[in-house]
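A.B. asks: What shape does this take:
(chains A, B, C and D)
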2 protein chains.
Amino acid sequence: MIDHESESSLTRGDLARATGCNIETIRYYEKTGLLPDPPRSAAGYRIYSAAHATRLRFILRARELGFSMEDIRGLMGLDDGAAPTCAEVKERTKRHLADVRAKIADLRRIESVLAATASRCSGAEVPNCPVLDAISGN
Amino acid sequence: MIDHESESSLTRGDLARATGCNIETIRYYEKTGLLPDPPRSAAGYRIYSAAHATRLRFILRARELGFSMEDIRGLMGLDDGAAPTCAEVKERTKRHLADVRAKIADLRRIESVLAATASRCSGAEVPNCPVLDAISGN
DNA sequence: GTAGGGTCTGTAGTAGCTACAGGCTCAAGA
DNA sequence: TCTTGAGCCTGTAGCTACTACAGACCCTAC
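C.D. replies: Reported below is the predicted structural model:
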């Protein structure tokens, strides 16, 4: 059906394998507009090009860096139709970086509480559990 | 309807105010079994006791520490019907602590990439954006 | 009596996927 | 040529942990 000799003509499965992305995720990104609807074969099969693969890799990398789909839409200029300026990208990145740092701070606080209470715990079959007490606020 | 002079007879709104928990969240916790179904007044209004408030505070504190609802169910002995031993609690806490540390490590990796790329970004209206290049893998 | 708040139920929405069911299509082997 | 199995198609439901309604009921105070 699809010419597999041409390197830039991919089925959904091909694209999934080429990018390591779950095949259902690709459909999801299309549904939400992160990926454009690809052209179809006569039988209705999606036909992806190398450009789709490049764009999907961008999305996946941005997701690895913790950007939300909303952020990614912005980074790709899908929110207002125009490619964002470098200044806009920097602004978005800085906002995201601040979020990441806030999350790290939260988790560190949690970590220290957990580590402290777990270390006080004998692990024996005693009635008083320091972990449960700590959660209860005793 | 409900005797507000007795300190351990609360409506859903009372309980929400007393614990700082969203009123809808209380219903959600009941639906999922984290909180027991309270008795009802003649008109069908829920009547909570001080025990409910204590239990809800435990749940909220555990959530603050990042425990999942599944974890909390375990900590309260709702998964197998019996209160967990101290050893079981310690084990759960250690597993959760490992998760938290893994998340911190992830976020730190993300943070360093974001900080490095953002700092390379001029913020000018130039065509080449170091952030987008970094995401693209260039 | 009535106005206002509170409460009740059920349902739908959020993010970011993931996992089917049931049907169609395609390529390869007998 | 027929069949078999893999792949693709669509729509829908599930996940976590909530949150936000609508529309009906109830309770209290004036």
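
A.B. asks: CA only for contacts and neighbour counts going forward, please
C.D. replies: Fine.

A.B. asks: near DNA strand C, which residues of chain A show up?
C.D. replies: Counting by CA under 7 Å from any atom of the strand, the residues of chain A close to DNA strand C are A:1-2, A:22, A:24-25, A:28, A:41-43, A:63, A:67-70.

A.B. asks: Compare the residues you listed and tell me which is most surrounded.
C.D. replies: residue A:67 (21 neighbours; other CA atoms under 10 Å in any protein chain shown).

A.B. asks: contacting residues for residue A:16?
C.D. replies: For residue A:16, the contacting residues are A:22, A:23, A:26, by CA atoms under 8 Å, 6 or more residues apart in numbering or on different chains.

A.B. asks: Now do the buried residues in the helix or strand hosting it.
C.D. replies: Taking DSSP states H and E as the definition, residue A:16 sits inside helix A:12-19. Neighbour-count burial for helix A:12-19, counted by 16 or more other CA atoms under 10 Å in any protein chain shown, picks out A:12, A:14, A:15, A:16.

A.B. asks: In a markdown table: the residues you listed, plus pLDDT.
C.D. replies: Output for those, formatted as a markdown table (pLDDT from 0 to 100):
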| residue | pLDDT |
| --- | --- |
| A:12 | 96 |
| A:14 | 96 |
| A:15 | 97 |
| A:16 | 97 |
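
A.B. asks: In TSV: those residues, plus distance to residue B:93.
C.D. replies: TSV is the format used below for the buried residues of helix A:12-19 (distance: CA to CA, whole Å):
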residue	distance to residue B:93
A:12	42
A:14	42
A:15	41
A:16	37
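
A.B. asks: just checking: which of the residues you listed also lie near DNA strand D?
C.D. replies: Among the buried residues of helix A:12-19, DNA strand D is touched by A:12, A:14 when using CA under 7 Å from any atom of the strand.

A.B. asks: Out of the buried residues of helix A:12-19, which is nearest to DNA strand C?
C.D. replies: residue A:16 (10.6 Å; CA to the nearest atom of the strand).

A.B. asks: Go through the helix or strand that residue A:103 is a member of and flag the buried ones.
C.D. replies: Using DSSP H and E, the element containing residue A:103 is helix A:86-120. Across helix A:86-120, burial judged by 16+ other CA under 10 Å covers A:86-90, A:92-94, A:96-97, A:100-101, A:103-104, A:107-108, A:110-111, A:113-114, A:117-118.

A.B. asks: Which positions in chain A make contact with DNA strand D?
C.D. replies: Listed as neighbours of DNA strand D in chain A under the rule CA under 7 Å from any atom of the strand: A:11, A:12, A:13, A:14, A:40, A:44, A:45, A:46.

A.B. asks: Show me which pair in these is furthest apart.
C.D. replies: A:14 and A:44 (16.0 Å; CA to CA).

A.B. asks: Who are the contact partners of the most centrally placed residue in chain A?
C.D. replies: Nearest to the mean C-alpha position of chain A, by CA atoms, centre = their mean, lies residue A:63 at 2.9 Å. Shown in contact with residue A:63 (CA under 8 Å, 6+ apart): residue A:69.

A.B. asks: could you check the angle helix B:86-120 makes with the helix or strand containing it?
C.D. replies: For residue A:63, the element it lies in under DSSP H and E is helix A:50-64. With axes from the mean of the first three to the mean of the last three CA atoms, to 10 degrees applied, the angle from helix A:50-64 to helix B:86-120 works out at 120 degrees.
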